[in-house]
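[1] here is a sequence with its predicted model. Questions after.
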Amino acid sequence: MNFFKRYARNYGALIGLAILFVVVVLAFAAPLIFPVSPWQSVGDPLLPPSEDPAFPFGTDMLGRDIAAGLAYGARVSLLIGVISTAVAVVIGVSIGALAGFYGGRVDDLLMRFTEFFQTIPAFAMAVVLVAIFNPTIVSITLAIAVVSWPPVARLVRGEFLSLRSREFVQAAVVIGQSGPRIMFTQILPNAISPIIVTASLMVATAILTESSLSFLGLGDRNMMSWGFMIGAARTMLREAWWMSVFPGVAILLTVLAINLIGEGLNDAMNPHLRGRKG
Amino acid sequence: MNAPRTPLLRVENLSIPLPTGLDREFAVENISYDLHAGEILCIVGESGSGKSMTANAIMGLLPDYLNPSGGKILFRGKDLLTMRESDLEQERGRSMAMVFQEPLSALNPLMKVRDQIAEVMEVHGERNAETRDRRVLDLLEYVGLPDPANLRDAYPFRLSGGQRQRVMIAMALALEPALLIADEPTTALDVTTQAQILDLIRRIQKAKGMGVMFVTHDFGVVADIADRVVVMERGIVVEQGLAEDVLNRPKHPYTRRLIAAVPHREAHDAKAAAEGDLILDVRNLRKTYRSGGGFFSRPRVVNAVNDISFTLRRGETLGVVGESGSGKSTLGRCLLKLTEVDGGQVLFRGSDVVPLSAGAFRPLRRHMQMVFQDPFASLNPRQTVGRILTDGPVANGVSYADAEIKARELLALVGLETSAFDRYPQEFSGGQRQRVGIARALALDPELLVADESVSALDVSVQAQVLELLQDLQRKLNIAIIFITHDLRIAAQICDRIAVMYRGEIVESGPPEQVFDAPQHAYTQRLIAAIPGLHWNPRLAVL
């Protein structure tokens, strides 16, 4: 109740939520609005936008409907963004929680492991992983998750380190709760706000990473994606601007919306910033 | 005293409204009092009484949303509230100065001591750097800092709490103000340091003939330094007068209640000592903290608990008294295995718990419980009180239904409504939360309770209630209590035996009468001499 009021005070966050809502509806309704596969030629090639009312966003060089591509691309982008983030958060929270709670050797070991991942450029590693395991939606999702969990682990470790020494956690030790129980029921609920905020921003990064991979031709061959559409359009950049601009705008709006939501969540959840005017 | 003189400071019918939606309409309402040159006026009250509010109004330190709605603050006859900002700046620092509660946050951490003091003089027009330098040295010497010539080049973090407070006082004195406002200046300090600072303030006040406005919550401090006293409750002055009268013949019921709650050595109805079974036998306990130290530097070693031995019987209360850094809290944490022990034995019901692994010790934990210091940090803000109280029994194999019944009984036992079960800790006051903390400890039917500074964060009247509750519960349940505190007065009031800790060692122990009346160790003697209000007996005042 109070939370939603605080969230709604941030107009940017509301706009973000509205944009994301449209994208989500589009993604779910794609097969209803465009019953024909987005890979299928449906009209003349290279129709500019709004020349044929049937193709408001035009067609590409093979006569495929750009609008259909955008709708089906939204499914891929959201799916990969959400699932890869979920996987990354699970990995990051587990490693960060163990490191922060147990400290000492466990902490050293897990943090060196985390740093090992952090020292490799994330995108290069994602490219290598996808290239090794044939580009399918599963391998792409996992590759993105594998390169994006370290910041979560560091964040969660920091939260656990500071919360572990709080008196209510010590009280839980004294009443005889076990380590895992303390981590899950005492500490994690108190660390959840920054995790949610970080995760929301990670979804945006994951969408960008997927687009970049698809642009390089490392996307799933069976799924239409925004990155693939831009990649395919690069040879026709001067002849058919609409082929690259619309998917580009779609990426921009979706990532912007998610970032706005992340910021709104941060403002609403972080008590220190309460009362700050947006 | 000299009634016809114009007072140095006169507060007349001052009202400061609070923003709407808070628990009361005014932060302070219609308050009036005088402060004459050459006297110490103590403003006493509990937290939220508005006692600091006038001090802040005088110095222009009120937050934006608080504006006085009526009344005057006359400083030497001129109203500070209607004065122009530029004139006010002249007065602040030059004729009136302030000393704050927390000297570390009041000093700029990136500036050397000498620069901070010199800055005050520079701002107020002392151009000659050499004069400033000489004055800084004088001031540091005057406030009794050791080796002022070297100390003035130190950064604040290098100084102890007492030294920082002395620097703050030196800063305040830099321009020889006529009015010194001290807002709880000794609350963050140890009792022996507090005694020194109080001495210093009194000495300076006498020597310079300043008027001092001293804001405090501690009646012991009032008894030590006040000439006159103003007692505040919820934004209203309920009583004022000469210290002598207010302390010994309080008229207003609130003042009487506060004074009755001041911890004081009771005529202990000497309990037949050592009747219960031996429950805890600590032998040569040792805990060392090591910090720093690389390949070339030697690590800093602190013997937090150094070769400590004592015993405790069922139904007995042992007070562990010491100043900050004496190792008293570490001792408590060692007993409950919240921290690793470096040596010695802790025999609980005859068997040593020190060598047990965390897993092997967990089943024993229910017998040894702890009440923590900070009622705001010790309860998980995301759990209801019911959850907090049932977690322990459930973790020890009791069914949730049974735990819930027990939790509701406990809430009644510690004097809370049973409806508290479904509410969150944020909805309760500090004293109520501490009751929840006690109920949580009792939920496991412990035989030993370690209370680590469990009442220090509470107001004196709430403190008295919680202490009474602990004593009452001990009588009913016959548990052994280790009561860790920095306040000798509280220890003397409720403990059967007192152990005085100093630098990791127990330097003296015995029944309160013995420790108080015939202290053997030099440190104990110092500690007892430093108790504020030692010569004043609050019990006689409210007879």
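    That came through, no problem. Just so it is clear, the model here is predicted, and its values are computed rather than measured.

[2] excluding chain neighbours, give the residue nearest to whichever residue of the stretch 151-300 of chain B sits closest to chain A in space.
    As assessed by Cβ to the nearest Cβ, chain A sits closest to B:Arg290 within the stretch 151-300 of chain B, at 14.0 Å. (Each C-beta comes from the backbone N, C-alpha and C, glycine too.) Spatial nearest neighbour of B:Arg290, chain neighbours left out: B:Pro299 (4.6 Å); criterion: Cβ to Cβ, 6 or more residues apart in numbering or on different chains.

[3] the one you found is in contact with B:Ser291, isn't it?
    Yes - in this structure B:Pro299 lies within contact range of B:Ser291 using Cβ atoms under 8 Å: 6.4 Å.

[4] in the stretch 101-250 of chain B, what residue comes closest to chain A?
    Closest point on the stretch 101-250 of chain B to chain A, by Cβ to the nearest Cβ, is B:Ser105, at 17.1 Å.

[5] how about that residue, what does it touch?
    Contacts of B:Ser105 were listed using Cβ atoms under 8 Å, 6 or more residues apart in numbering or on different chains, and none were found.

[6] can you confirm it is in a helix?
    Yes - according to DSSP: H, G, I helix; E, B strand; the rest coil, B:Ser105 belongs to a helix.

[7] so what's the residue count around B:Gly211?
    Under the neighbour criterion other Cβ atoms under 10 Å in any protein chain shown, B:Gly211 is assigned a count of 25.

[8] any chance you could map the helices in the stretch 251-400 of chain B?
    For the stretch 251-400 of chain B, the helices defined by DSSP state H, counting those that start in this stretch occupy B:253-261, B:328-335, B:358-365, B:385-395, B:400-413.

[9] before we move on, the earlier item: B:Thr193 versus the residue of the stretch 101-250 of chain B closest to chain A, what's the distance?
    17 Å (Cβ to Cβ, to the nearest Å).

[10] B:Val346 now?
    For B:Val346, the distance to B:Thr193 - Cβ to Cβ - is 32 Å.

[11] with B:Tyr289 instead?
    B:Tyr289 is 22 Å from B:Thr193, by Cβ to Cβ.

[12] what residues are up against the closest residue to B:Ala529 other than its chain neighbours?
    The shortest distance from B:Ala529 to any residue other than its chain neighbours is 7.3 Å, reached at B:Ala195 (Cβ to Cβ, 6+ apart). Going by Cβ under 8 Å, 6+ apart, B:Ala195 touches B:529-530, B:532.

[13] what subset of those residues is buried?
    B:530, B:532 (16 or more other Cβ atoms under 10 Å in any protein chain shown).

[14] the stretch 151-300 of chain B: strands as residue ranges?
    Secondary structure of the stretch 151-300 of chain B by DSSP state E, counting those that start in this stretch: the strands cover B:179-183, B:211-216, B:228-233, B:236-242, B:278-291, B:300-313.

[15] hmm, back to that, need the contacts of B:Ala195 in CSV with distance to A:Asp107 and pLDDT, can you?
    Converted to CSV, these look like this (distance: Cβ to Cβ, whole Å; pLDDT from 0 to 100):
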residue, distance to A:Asp107, pLDDT
B:Ala529, 47, 89
B:Ala530, 42, 89
B:Pro532, 45, 87
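
[16] inside helices: which ones of the contacts of B:Ala195?
    Taking DSSP state H, the ones among the contacts of B:Ala195 that sit in helices are B:Ala529.

[17] just the buried residues of the worst-scoring helix or strand of chain B on mean pLDDT, please?
    Within chain B, judged by mean pLDDT, DSSP states H and E, the helix or strand with the poorest mean is helix B:103-106; its value is a mean of 74. For helix B:103-106, a neighbour-count test (16+ other Cβ under 10 Å) marks B:103, B:106 as buried.

[18] what's next to the very next helix or strand once past it, contact-wise?
    Using DSSP states H and E, the next helix or strand after helix B:103-106 towards the C-terminus is helix B:113-123. By Cβ under 8 Å, 6+ apart, the list of residues contacting helix B:113-123 from outside reads B:93, B:107-108, B:111, B:129, B:132-133, B:135-136, B:139-140, B:151-156, B:159, B:167, B:170-171, B:174-175.

[19] give me that answer again for 7 Å
    B:93, B:107-108, B:132, B:135-136, B:139, B:151-154, B:156, B:167, B:170-171, B:174-175 (Cβ atoms under 7 Å, 6 or more residues apart in numbering or on different chains).

[20] after that helix, which helix or strand is next?
    Next along the chain from helix B:113-123, counting by DSSP H and E, comes helix B:129-142.

[21] that next one: how far from the chain's middle?
    33 Å (Cα atoms, centre = their mean, to the nearest Å).

[22] list the helices and strands that helix packs on?
    helix B:113-123, helix B:148-151, helix B:161-173 (3 or more Cβ pairs under 7 Å, 6 or more residues apart in numbering or on different chains; DSSP states H and E).

[23] what's the most buried one of the ones you listed?
    helix B:161-173 (a mean of 24; mean count of other Cβ atoms under 10 Å in any protein chain shown).

[24] report the distance from that helix to the chain centre.
    Per Cα atoms, centre = their mean, the centroid offset for helix B:161-173 relative to its chain is 19 Å.

[25] and that helix, what does it pack onto?
    Looks like helix B:161-173 contacts strand B:96-99, helix B:103-106, helix B:113-123, helix B:129-142, helix B:191-208 (3+ Cβ pairs under 7 Å, 6+ apart).

[26] out of those, nearest to B:Asp472?
    Of all those, helix B:191-208 sits nearest to B:Asp472, with 27.4 Å by Cβ to Cβ.

[27] angle of that closest one against helix B:161-173?
    Computed with axes from the mean of the first three to the mean of the last three Cα atoms, to 10 degrees, the direction of helix B:191-208 lies at 20 degrees from that of helix B:161-173.

[28] next, the buried residues of helix B:191-208.
    Here helix B:191-208 shows B:191, B:193-198, B:200-201, B:204-205, B:208 as buried, counting by 16+ other Cβ under 10 Å.

[29] I'd say B:Pro538 and B:Ala261 touch.
    No - using Cβ atoms under 7 Å, B:Pro538 is not in contact with B:Ala261; the gap is 8.5 Å.

[30] who in the stretch 101-250 of chain A is up against chain B?
    A:166-168, A:170-171, A:173-177, A:181, A:186, A:189-190 (Cβ under 7 Å from any Cβ of the partner chain).

[31] please repeat the previous calculation with a cut-off of 6 Å.
    A:166-168, A:170-171, A:174-177, A:186, A:189-190 (Cβ under 6 Å from any Cβ of the partner chain).

[32] may I see the ChimeraX selection of the buried members of these?
    Those of these that count as buried under 16+ other Cβ under 10 Å are selected in ChimeraX with:
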select /A:166,167,168,170,171,174,175,176,177,186,190
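
[33] coming back round to it: how about the helices of the stretch 251-400 of chain B in CSV, adding mean pLDDT?
    Formatted as CSV, the helices of the stretch 251-400 of chain B follow (pLDDT from 0 to 100):
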stretch, mean pLDDT
helix B:253-261, 89
helix B:328-335, 91
helix B:358-365, 90
helix B:385-395, 93
helix B:400-413, 92
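
[34] how about TSV for these, with distance to B:Leu41 and mean neighbour count added?
    Formatted as TSV, the helices of the stretch 251-400 of chain B follow (distance: least, Cβ to Cβ, whole Å; neighbours: other Cβ atoms under 10 Å in any protein chain shown):
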stretch	distance to B:Leu41	mean neighbour count
helix B:253-261	16	19
helix B:328-335	35	24
helix B:358-365	51	14
helix B:385-395	42	23
helix B:400-413	43	16
